[in-house]
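> make a model of this:
(one chain, ligands or ions: 2)
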Amino acid sequence: MADEGPGRNLRPLTLHVPEPRFRPGDVVDFGDLHLPGAGETRRPPIDSAPADMRELCYQLVRVLDEEGRAVGPWDPKLAPERLLMMLRQMALVRAFDERMYRAQRQGKTSFYLKCTGEEATSVAAAHALHRDDMCFPSYRQQGLLIARDWPLVDMMCQIYSNAGDRLKGRQMPILYSAKEASFFSLSGNLATQCPQAVGWAMASAARGDTRIAAAWCGEGSTAEGDFHSAMTFAAVYRAPVILNVINNQWAISSFSGFAGAEATTFAARAIGYGIAGLRVDGNDALAVHAATEWAAERARNNHGPTLIEHFTYRSEGHSTSDDPARYRAADERSAWPLGDPIERLSGHVTRLGLWDAERQAAMERELAEQVRLAAREAEKQGVLGNGMHQPLSTMFEDVFEEMPWHLKEQARQMREEGEAAGL
Ligand SMILES: Cc1ncc(C[n+]2csc(CCOP(=O)(O)OP(=O)(O)O)c2C)c(N)n1
Ligand SMILES: [Mg+2]
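Ligands and ions are numbered 1, 2, ... in the order given. Predicted structure coming up:
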């Protein structure tokens, strides 16, 4: 064999490099996405064996139909107050994002990141969890904090890294941490929250506690090893955890194909690990609520973990450091077949006779004002560059119970150099 040599009379190998379907200037047509209609996907019992519900990984849990009706077995039948509360909080997330995006453009912070179009995946999920279930979010789940009534001023102070920042400027803007809201400290290192959530859930079960955990990561982040370690541990120990994959089609400028979307769905990752998997219309707040409630009940009753893929679309740039016009077609957002989550929920409550366009407009004005007032309050405690940040000396604190000699020396050196430079 060896003497035949490589490549002799053999077909040359080719490498498949995924290419997104639409680039700037292309006409977008999502017509071949084959999305099941609302109400078409069955709702299995919460104790189903993962092997008995595999087809759900390729379908789509949907409740709201084109006319804004709630249909099918997944309808969570939520009370009017809850529907309106979810709508309000999703709209508040959007108003908050708008304001903080502008604050970044005005130079008040170095960085911001919106979740436009994905508000349901955190707000509706939070409503299906208990308030003390531990959330391990990615950087795009500000909706969890807002759904848990976390003060906007506190979030803004973190974004401004100002004197009121409880994290003392040690985290990049938007990497919040709110223990009292059962919102685990965010890490910029993608997917680290997945094994953390599974480990936390395992500990909760090992202690005989009743709280479950939930993690959120982007579809791009599922390509990280941490996601797969998390899946293995979750499956082996049947950890009471929900692993949410937010498939918003993009990971900065890389389309979902680079994380494996051409070959299969992200929900189907569950099959290889023997975990229950659900694929959900992430722009349908009722479907997100229903799927989360199903998975939470499953976890709470010791039937094991669930992987939920939320099929959605990142309507705006990745962050303030990104320009999506350079890599994707401009009308992808408007062509997205699953619409906008706020408009869809608003349409639903309107259909129920609970709401109308005037009330929606009035609410949006009111929320914009609420956010404006919160920003004014937060900005009193400083914005980027105005000097109202934490004292530099705090940089050395809170790592060791007693500051070791070498840090004391560095702190003194910094102080002396600062004084010499007139700082
Ligand atoms: C381990 C690691 N690799 C790369 C990055 C740089 N990075 C930050 S966000 C991002 C895209 C992630 O995309 P996705 O997981 O789909 O989440 P989305 O931003 O769409 O919510 C990348 C590559 C990082 N922060 N950490
Ligand atoms: Mg993504």
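> element containing Ala215?
Per DSSP states H and E, Ala215 falls inside strand 213-218.
> can you list contacts of that strand?
Under the criterion Cβ atoms under 8 Å, 6 or more residues apart in numbering, residues 121-122, 125, 129, 133-138, 140-141, 190-191, 193-194, 196-198, 200-201, 204, 227, 230, 239-248, 251, 292, 296 lie in contact with strand 213-218. Glycine gets a C-beta too; all of them are placed from N, C-alpha and C.
> chain center to that strand, what's the gap?
7 Å (Cα atoms, centre = their mean, to the nearest Å).
> quick one: it near ligand 1?
Yes: using Cβ under 6 Å from any ligand atom, strand 213-218 reaches ligand 1 at 217-218.
> residues of the longest helix along the chain that come out buried?
For the chain, the longest helix by residue count, based on DSSP state H, is helix 80-105. Within helix 80-105, the residues scored as buried using 16 or more other Cβ atoms under 10 Å are 83-84, 86-87, 89-97, 99-101, 103-104.
> which strand residues bridge the residue of the stretch 201-350 of the chain found nearest ligand 2?
Per Cβ to the ion, Gly218 is where the stretch 201-350 of the chain lies closest to ligand 2, at 3.6 Å. In this entry, Gly218 is beta-bridged to Ile246, by DSSP bridges.
> mind listing the helices for the protein?
80-105, 119-128, 142-147, 152-160, 193-206, 225-236, 269-273, 285-300, 332-335, 341-351, 357-379, 405-420.
> single out the most deeply packed of these.
Mean neighbour count (mean count of other Cβ atoms under 10 Å) peaks for helix 119-128 among the helices of the chain, with a mean of 29.
> report the angle between that one and helix 285-300.
40 degrees (axes from the mean of the first three to the mean of the last three Cα atoms, to 10 degrees).
> what is the mean pLDDT for helix 119-128?
If you average the pLDDT over helix 119-128, you get 99.
> ditto for stretch 37-56
On average, stretch 37-56 scores 98.
> same deal with stretch 68-76?
Mean predicted confidence for stretch 68-76 is 98.
> that stretch: end-to-end distance?
Using Cα to Cα, to the nearest Å, the end-to-end distance of stretch 68-76 comes out at 14 Å.
> then stretch 296-313?
24 Å.
> do stretch 272-291 as well
Note: stretch 272-291 ends 20 Å apart using Cα to Cα.
> likewise stretch 269-285?
23 Å.
> report whether that stretch contacts ligand 2.
No: applying Cβ under 5 Å from the ion, one finds stretch 269-285 out of contact with ligand 2, separated by at least 11.1 Å.
> with stretch 301-316 instead?
No: contact of stretch 301-316 with ligand 2 is not found when judged by Cβ under 5 Å from the ion; the minimum separation is 6.0 Å.
> and the stretch 151-300 of the chain, which of its residues are near ligand 2?
Counting by Cβ under 5 Å from the ion, the residues of the stretch 151-300 of the chain near ligand 2 are 218-220, 248, 251.
> again, 6 Å this time
218-220, 248, 250-251 (Cβ under 6 Å from the ion).
> pLDDT averaged over the longest helix of the chain, what's the number?
98.
> that one packs against which elements?
In terms of contacts (3 or more Cβ pairs under 8 Å, 6 or more residues apart in numbering; DSSP states H and E), helix 80-105 is packed against helix 119-128, helix 142-147, helix 152-160, helix 285-300, helix 341-351, helix 357-379.
> in TSV, list those helices along with distance to Asp65.
Shown next, in TSV, are the helices and strands packed on helix 80-105 (distance: least, Cβ to Cβ, whole Å):
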stretch	distance to Asp65
helix 119-128	16
helix 142-147	24
helix 152-160	34
helix 285-300	11
helix 341-351	9
helix 357-379	20
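> domain-wise, how is the protein divided?
Structural domains assigned to the chain are 32-379, 391-423, following automatic domain parsing.
> among these, which gets the worst mean confidence?
The minimum mean pLDDT among those belongs to domain 391-423 (a mean of 91).
> quote the end-to-end distance of it.
11 Å.
> one more: stretch 331-344?
Start-to-end, stretch 331-344 (Cα to Cα) is 19 Å.
> name the residues that touch it?
Under Cβ under 8 Å, 6+ apart, the answer for stretch 331-344 is 22, 27-30, 33, 35, 64, 68, 87, 90-91, 94, 117-120, 281-285, 311-313, 315.
> just those that are near ligand 1?
Okay, of the contacts of stretch 331-344, nothing touches ligand 1 (Cβ under 6 Å from any ligand atom).
> drop anything exposed from these.
22, 28, 64, 68, 87, 90-91, 94, 117-120, 281-285, 311-313, 315.
> so for Met1, what's the pLDDT?
At Met1, the model reports a pLDDT of 53.
> quick check: the residue in the stretch 151-300 of the chain that ligand 1 sits nearest to vs His289, distance?
Going by Cβ to the nearest ligand atom, ligand 1 is nearest to Gly218 of the stretch 151-300 of the chain, at 2.0 Å. Distance of Gly218 to His289, given as Cβ to Cβ, to the nearest Å: 21 Å.
> and for Gly199?
Gly199 is 26 Å from His289, by Cβ to Cβ.
> could you do Arg333 as well?
Where His289 is concerned, Arg333 sits at a distance of 24 Å (Cβ to Cβ).
> and if you look at Ala361?
25 Å.
> quick check: Asp133 vs ligand 1, distance?
From Asp133 across to ligand 1, the span is 21 Å (Cβ to the nearest ligand atom, to the nearest Å).
> that residue - how many residues pack around it?
22 (other Cβ atoms under 10 Å).
> surely it and Ser204 touch.
No: with contact defined as Cβ atoms under 8 Å, Asp133 does not reach Ser204; the gap is 9.3 Å.
> give the residues shared as contacts by the two.
211-213.
> need those residues in TSV (columns: distance to Ala270 and neighbour count).
Compiled in TSV, the shared contacts of Asp133 and Ser204 are given as follows (distance: Cβ to Cβ, whole Å; neighbours: other Cβ atoms under 10 Å):
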residue	distance to Ala270	neighbour count
Arg211	22	19
Ile212	17	26
Ala213	17	30
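> list the contacts for the nearest residue to Leu83 once chain neighbours are set aside?
Distance criterion Cβ to Cβ, 6 or more residues apart in numbering; nearest residue to Leu83, sequence neighbours excluded, is Val349 at 5.3 Å. Neighbour list for Val349: 80, 83-84, 87, 355 [criterion: Cβ under 8 Å, 6+ apart].
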